[in-house]
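> how would this look folded up:
(one chain, ligands or ions: 1)
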Amino acid sequence: MTELAQPVTMDKIVSLCRRRGFVFPSSEIYGGLGSTYDYGHYGVLMKNNIRSLWFQAMVQERDDIVALDSAVILNPRVWEASGHVAEFTDPLVDCRTCKLRFRADKLEDAQCGRKPSKHPGEFKECDLTEARQFNLMFETHVGALKDESSLAYLRPETAQGIFINFKNVLQIARRKPPFGIAQVGKSFRNEITPGNFLFRVREFELMEMEFFVPPGEAEQWYGYWIDQRFGWYLKYGVREGNLRKREHTAEERSHYSSGTTDIEFLYPIGWSELEGVANRGDYDLTQHTRHSGTKLEYVGEGGERYTPYVIEPAVSIERIFVALLVDAYHEEVVAERERTVLRLHPAVAPVKAAILPLISKNDEMVNRARALHEDLRQGQIVEYDDGGAIGRRYRRQDEIGTPFAFTVDEQTLEDDTVTVRDRDSLAQERLPIGGVRAWLDDALERPWQAPKI
Ligand code: ATP
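Coordinates of the predicted model:
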């Protein structure tokens, strides 16, 4: 097996996603809607896996974090209190010549509308306006009237839904700091320059956890959550060389933050933010206490009271999705044939195993394979495939990252064994057909490391 030393480009990822039905450009039959995507079957399965592995680490395996699912459209006063109405802005510049818009703080990443490729401002004809602040929140109206009184926003983050429920959770879930509230949900930002596939989109699924701690413990928990989240990516097979931590400078930090560290991934566009871990201090609870008149604080049994500090790890499923695909994508030559393979961690892979009759016209093989499929699907997402030559079916499964394939062949009909093929090593072994389900469950539990190639 020889790895082809070509760089993984975003184009290759986009093309594989489309070819294999992970992700489609949205509204395509109407000409699309810039940087908006729909997820196909494998994309949905992979997103479900990312979401549930995050939930497993953040809620299921812990005693100190509970779940929440708050509304997308909240009382607009929430966003005044949080500072989003005044401060959730990006600086925007227009070019009077080419009529394009750019983020003033990202001009070095932007392309001028003219050719050859240059950054905005670099042609002598470029005529950029002064930067002005553009609010990223999508506006909507609640109810039949469309005026100032009905103005509301689609949430740009899920965190505020957590803060406004702080008192409910404290009282009803009987928690005391340190404890956390985790939430996953669609969030919306009217980005000025979306792009780079799913990396920057206007509608995405955020996974956020607000961890409430005594103020004196904030620094320690901040460090703890940076390490926990970094370790989570390693656990799911992301290569360490593709990950790094980067602390924000004071100028970069958001209005609420007293410390932020990004976990960055080496995307095809260069090192970029995958996940952010922020120390939000007592900013949010204090703001909501002030604006709502409801005291959001912790009162201990001995009567001591304080406003907890908040440590927040926040990441979108989309950025993880792209990072995992980039990390897993390989082109290699096997027996003089090229193959593209997604070496995804089995827990992330959309389909865990394929069940293939060697000869699709052989009824006995088909029946045995279908029965095996029926059995395995009770426990795992698996796929039956009898379409086309076996080599083509293997390659299709390699491209969607299926870690195992079970093939029913002539020998199966004689001795009740099947072949199992390993996606990464291409090793094949025979197993008794009755033991396949237990074998698969066991194989999926085994620790997995990206093969060093
Ligand atoms: P950026 O500087 O890239 O605009 P940000 O610092 O505004 O991002 P945060 O507010 O920290 O982003 O958002 C938390 C997380 O949400 C990010 O780490 C990223 O995983 C994700 N995210 C933010 N904006 C987008 C987007 N437009 N598309 C996809 N994911 C996003």
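
> For the stretch 1-150 of the chain, which segments count as strands?
With strands called from DSSP state E, counting those that start in this stretch, the stretch 1-150 of the chain shows them at 2-3, 23-25, 37-39, 65-67, 89-94, 101-103, 132-135, 139-141.

> Please spell out which residues along the second one are buried.
It stands for strand 23-25. Val23 (16 or more other CB atoms under 10 Å). C-beta here means a position set from N, CA and C on the backbone, and glycine is covered the same way.

> partner residues bridging the closest residue to Thr419 other than its chain neighbours?
Residue nearest to Thr419 in three dimensions, not counting chain neighbours: Thr407, with 4.5 Å by CB to CB, 6 or more residues apart in numbering. Here Thr407 sits in beta bridges with Leu356, Thr419, going by DSSP bridges.

> thinking again about what came up before, with respect to Phe204, which of the strands of the stretch 1-150 of the chain lies nearest?
Smallest distance to Phe204 across the strands of the stretch 1-150 of the chain (CB to CB): 9.8 Å, for strand 37-39.

> What are the buried residues along the closest one?
37, 39.

> State the number of residues packed around Phe138.
Other residues near Phe138 come to 15 when the count uses other CB atoms under 10 Å.

> Over to the one 5 residues further on?
Residues within reach of Gly143, counting by other CB under 10 Å, total 8.

> Was I right to think it contacts Ser150?
Yes. The criterion here is CB atoms under 8 Å, and Gly143 meets it with Ser150 at 5.3 Å.

> need the strands of the stretch 1-150 of the chain in TSV with distance to the ligand and mean pLDDT, can you?
Below are the strands of the stretch 1-150 of the chain laid out as TSV (distance: least, CB to the nearest ligand atom, whole Å; pLDDT from 0 to 100):
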stretch	distance to the ligand	mean pLDDT
strand 2-3	29	70
strand 23-25	13	96
strand 37-39	11	98
strand 65-67	18	97
strand 89-94	8	91
strand 101-103	9	88
strand 132-135	13	92
strand 139-141	17	96
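
> Now tabulate the ones you listed in JSON lines and tack on distance to Asn49.
Formatted as JSON lines, these follow (distance: least, CB to CB, whole Å):
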{"stretch": "strand 2-3", "distance to Asn49": "26"}
{"stretch": "strand 23-25", "distance to Asn49": "15"}
{"stretch": "strand 37-39", "distance to Asn49": "13"}
{"stretch": "strand 65-67", "distance to Asn49": "18"}
{"stretch": "strand 89-94", "distance to Asn49": "32"}
{"stretch": "strand 101-103", "distance to Asn49": "32"}
{"stretch": "strand 132-135", "distance to Asn49": "34"}
{"stretch": "strand 139-141", "distance to Asn49": "31"}
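
> Of the ones you listed, which is nearest Ile311?
Using CB to CB, those put strand 65-67 closest to Ile311, at 11.7 Å.

> what about the closest residue to Ile355 other than its chain neighbours, is that helix, strand or coil?
Closest residue to Ile355 apart from its sequence neighbours, by CB to CB, 6+ apart: His373 at 4.4 Å. Here His373 is recorded as helix under DSSP: H, G, I helix; E, B strand; the rest coil.

> The ligand contacts on the stretch 151-300 of the chain?
Contact residues (CB under 6 Å from any ligand atom) of the stretch 151-300 of the chain with the ligand: 189, 191, 200-201, 204, 206, 273, 275-276.

> just those residues: which has the poorest pLDDT?
Sorting those by pLDDT puts Glu191 at the bottom of the list (93).

> thinking again about what came up before, could you list which of the residues of the stretch 151-300 of the chain next to the ligand belong to strands?
Members of those lying in strands (criterion: DSSP state E): 204, 206, 273, 275-276.

> Who wins on neighbours among these?
Within these, most neighbours by other CB under 10 Å means Glu275, with 23 neighbours.

> thought that residue was touching Ile226?
No. Here Glu275 does not reach Ile226: they are 9.4 Å apart, not a contact under CB under 8 Å.

> Give me the common contacts of these two.
Here Glu275 and Ile226 have Ile263 as joint contacts, going by CB atoms under 8 Å, 6 or more residues apart in numbering.

> Phe204 contacts Ser316, doesn't it?
Yes. Phe204 lies in contact with Ser316 (CB under 8 Å); the separation is 4.4 Å.

> which neighbours do the two share?
Ser187.

> Would you confirm that the residue nearest to Thr419 contacts Leu358?
Yes. Assessed by CB under 8 Å, Thr407 is found in contact with Leu358 at 5.6 Å.

> Give the intersection of the neighbour lists for these two.
Counting by CB under 8 Å, 6+ apart, the shared contacts of Thr407 and Leu358 are Ile390.

> higher neighbour count, those two?
Each of Thr407 and Leu358 has its neighbours counted (other CB under 10 Å); Thr407 has more, 22 against 18.
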